[in-house]
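>>> I'd like to go over a predicted model; first the sequence, then the structure.
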There are 2 protein chains.
Amino acid sequence: MTAERTLGTVALHDQIADDLRERIASGEYAPGATLPSVRQLQDKWKCSDGPVRDALTILRNEGRIIQSRGAPARVRIAPERALSISITPEAAQTQKDLALRPQNERAETGASELALGVPIDQTAFTATYTRVPADRELAGEFELQAGAELLRREYRTVHSESDRLVLSSVSHIPIALVEGNPDLLDEKNEPWPGGHWHQLYTVGIEIDRIESSITAIQPTPRQRQDWKMDPGVPLLCLRSLSIDTEGRVVEVADSTYPGDRTAISFTQQLSRWPTTRRARPGRKAV
Amino acid sequence: MTAERTLGTVALHDQIADDLRERIASGEYAPGATLPSVRQLQDKWKCSDGPVRDALTILRNEGRIIQSRGAPARVRIAPERALSISITPEAAQTQKDLALRPQNERAETGASELALGVPIDQTAFTATYTRVPADRELAGEFELQAGAELLRREYRTVHSESDRLVLSSVSHIPIALVEGNPDLLDEKNEPWPGGHWHQLYTVGIEIDRIESSITAIQPTPRQRQDWKMDPGVPLLCLRSLSIDTEGRVVEVADSTYPGDRTAISFTQQLSRWPTTRRARPGRKAV
DNA sequence: GAGTGGTCTAGACCACTGT
DNA sequence: CAGTGGTCTAGACCACTCC
């Protein structure tokens, strides 16, 4: 009967977690530092190992500590935000214009569509595609009936050395839109040479705009493993709808990024006020 | 004693969690449905309650189920994405141009800067501001020495009925930039009438562009409580740097949004290909 | 009041790390 | 091999919900 410790109805493991969390935040336990062992914490809080382990589980799921067998728990070191996904109208426009250029010119760009934080020769690119029926969600985006046939194309780039995922994206296109060009349904042509937009051009589709939306979710265990993400790290999801000049959604592309290493960034350029108030336009450092 | 159950070195609580996760994904347990009770799962897996509870904890932290006292665990119902944060150059430009308009015109816009999913008369707006020294991170953004004095302004909008946070944003501005206008340092003037940019205009600052970046983090317990977020739901973070015509970062604004109810969206408009290939919409010339 | 989940204990054994 | 964290059990009591 040691229940008298529950002073204010807040569970002991929460008290322990709160205490450790505060000490981590204050810097008493710096990133990389080892935490007291389970036995030491038991001794300090005069309890069995259960509450202590529960507290550590809480902090692990918050992404604050890492635990491994045999070694003491440590304050997690948040990685640098190495992956910066820049969304710029210029880049999209460039890619769009490229779609009209001759074959040899398009080929030069090839698969290096995105600037990653990893040299491209250290990565392995794979593409797979299948035909799938549209689920409710995708059918809604395309304004099709659920079950309509879609071309599903999955792109993955892994860092060959560490076997860590660097880029992952899944794209869906209604079969009905692309069956005019049989080449597009031939898996041997993956990745579509010269980029999506040239291929879409071959079936008479011109992209008018990209509507993107960003959300965050908790990764599935599979996703966490693919990206080799620590527990407690969320996943950034970027869904881009390609809309053609007739207003149809012709492609839905879903990309995911580990939330702790990635920042999705974009710039909104504003025009100047009419009267130039600052006499010195000065230097425009970047 | 009963250790022979550990067939393939994968922990029992992981097996249970994997099994339940799969059943949830397959729809066997639909959103809102009750899961088997802890005792039933013990019976099914022939184990004590520990592994079963551990499995449920895993699923809770993944945001897949909700648990409460007395009531059975249920599959979590993901909320609609009611909060859609739209980033448009037009809106920013409009706000910029507004800064030059006369007082009465600016006042009409007032605090309703953002379209929220909640009627504005059901919300309570609070603003607080303090002077704080720049931490390393903010000092880096402003290219100032760590410790330089900043004006910190915190905006919060809560839905008065549910006491739920609807909007939360923290903005930092170097004191040195705004001390030319004493009004800006007077808390009674919060929120700055007519918007930030008019106030910045009074000290000779014109915004050239906004550089935004989006990340995702695990919320602190405090944040989770403020937003009344379920466990396992990440937080979307939007950091916007306001850069003036001289290239200086003059304001850093950090907004957070619950990751399950929010989508940050934007559109990239592309210009048409030079040769008008389709004279009339609806024809697919090749 | 019956059933649910929440918390905690005491003890056992295992897997792994580091010295 | 000493110390660490990981897993599981059996049992107890509590707080809460729902009928």
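Sure, I can see it.

>>> can we go C-alpha only for contacts and neighbour counts from here?
Noted.

>>> Run through the stretch 151-286 of chain A and note the low-pLDDT ranges.
Across the stretch 151-286 of chain A, the ranges flagged by pLDDT under 70 are A:187-195, A:275-286.

>>> What are the boundaries of the strands in it?
Taking DSSP state E, counting those that start in this stretch as the criterion, the stretch 151-286 of chain A carries its strands at A:164-174, A:207-217, A:235-244, A:249-258, A:262-269.

>>> Tell me which of those strands sits nearest to B:Ile16.
Comparing those against B:Ile16 with C-alpha to C-alpha, the closest turns out to be strand A:207-217 (22.2 Å).

>>> and that closest one, which strands flank it?
Strand A:207-217 pairs in its sheet with strand A:235-244 (antiparallel), strand B:262-269 (antiparallel), by DSSP bridges.

>>> quick check: angle from the first one to strand A:249-258?
Strand A:235-244 runs at 160 degrees relative to strand A:249-258, counting by axes from the mean of the first three to the mean of the last three C-alpha atoms, to 10 degrees.

>>> Would you mind writing the CA trace of strand A:235-244 as CSV?
Taking Å, rounded to 0.1, in the frame of the first residue of the first chain, the C-alpha atoms of strand A:235-244 are listed here in CSV:
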residue,chain,number,x,y,z
LEU,A,235,5.5,12.7,-41.3
LEU,A,236,5.0,15.6,-43.6
CYS,A,237,2.6,14.9,-46.4
LEU,A,238,2.5,17.0,-49.6
ARG,A,239,-0.4,16.3,-52.0
SER,A,240,-0.2,18.1,-55.3
LEU,A,241,-3.1,18.2,-57.7
SER,A,242,-2.2,18.9,-61.3
ILE,A,243,-5.0,20.7,-63.0
ASP,A,244,-5.2,21.0,-66.7
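
>>> Next, the angle strand A:164-174 makes with it.
Using the same axes, to 10 degrees: strand A:235-244 against strand A:164-174 is 30 degrees.

>>> okay if I get the strands paired with strand A:207-217 as a markdown table plus mean neighbour count and distance to B:Ser169?
Below are those laid out as a markdown table (neighbours: other C-alpha atoms under 10 Å in any protein chain shown; distance: least, C-alpha to C-alpha, whole Å):
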| stretch | mean neighbour count | distance to B:Ser169 |
| --- | --- | --- |
| strand A:235-244 | 22 | 20 |
| strand B:262-269 | 19 | 15 |
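
>>> closest to A:Glu90 out of these?
The nearest among the strands paired with strand A:207-217, by C-alpha to C-alpha, is strand B:262-269 at 9.2 Å.

>>> which residues touch that closest one?
A:88-89, A:92, A:208-215, B:81-88 (C-alpha atoms under 8 Å, 6 or more residues apart in numbering or on different chains).

>>> do stretch A:47-60 as well
Here stretch A:47-60 makes contact (C-alpha under 8 Å, 6+ apart) with A:12-14, A:16-17, A:21, A:38-39, A:41-42, A:65-67, A:231-232.

>>> cool, stretch A:170-188 as well?
A:128-129, A:142, A:148-155, A:189, A:192, A:199-200, A:202-203, A:250-255.

>>> In it, which residues are buried?
By 16 or more other C-alpha atoms under 10 Å in any protein chain shown, the buried positions in stretch A:170-188 come out as A:170-175, A:177-178, A:184-185.

>>> all helices of chain A, in order?
Assigned by DSSP state H, the helices in chain A fall at A:12-26, A:38-45, A:49-61, A:89-98, A:103-109, A:136-142, A:175-178, A:196-202, A:221-227.

>>> Show me which residues of the fourth one are buried.
I take that to be helix A:89-98. For helix A:89-98, by 16+ other C-alpha under 10 Å, it's A:89, A:92-93, A:95-98.

>>> which one of these sits closest to A:Ser271?
Minimum distance to A:Ser271 across those is 15.8 Å, recorded for A:Pro89 (C-alpha to C-alpha).

>>> Could you report the distance from that closest one to A:Asp19?
A:Pro89 sits 47 Å away from A:Asp19, going by C-alpha to C-alpha, to the nearest Å.

>>> cool, A:Val178 as well?
With C-alpha to C-alpha as the criterion, A:Val178 and A:Asp19 are 59 Å apart.

>>> Kindly report the residues of the stretch 101-250 of chain A close to chain B.
Within the stretch 101-250 of chain A, the positions near chain B by C-alpha under 8 Å from any C-alpha of the partner chain are A:202-205, A:207-220, A:232-236, A:245-246.
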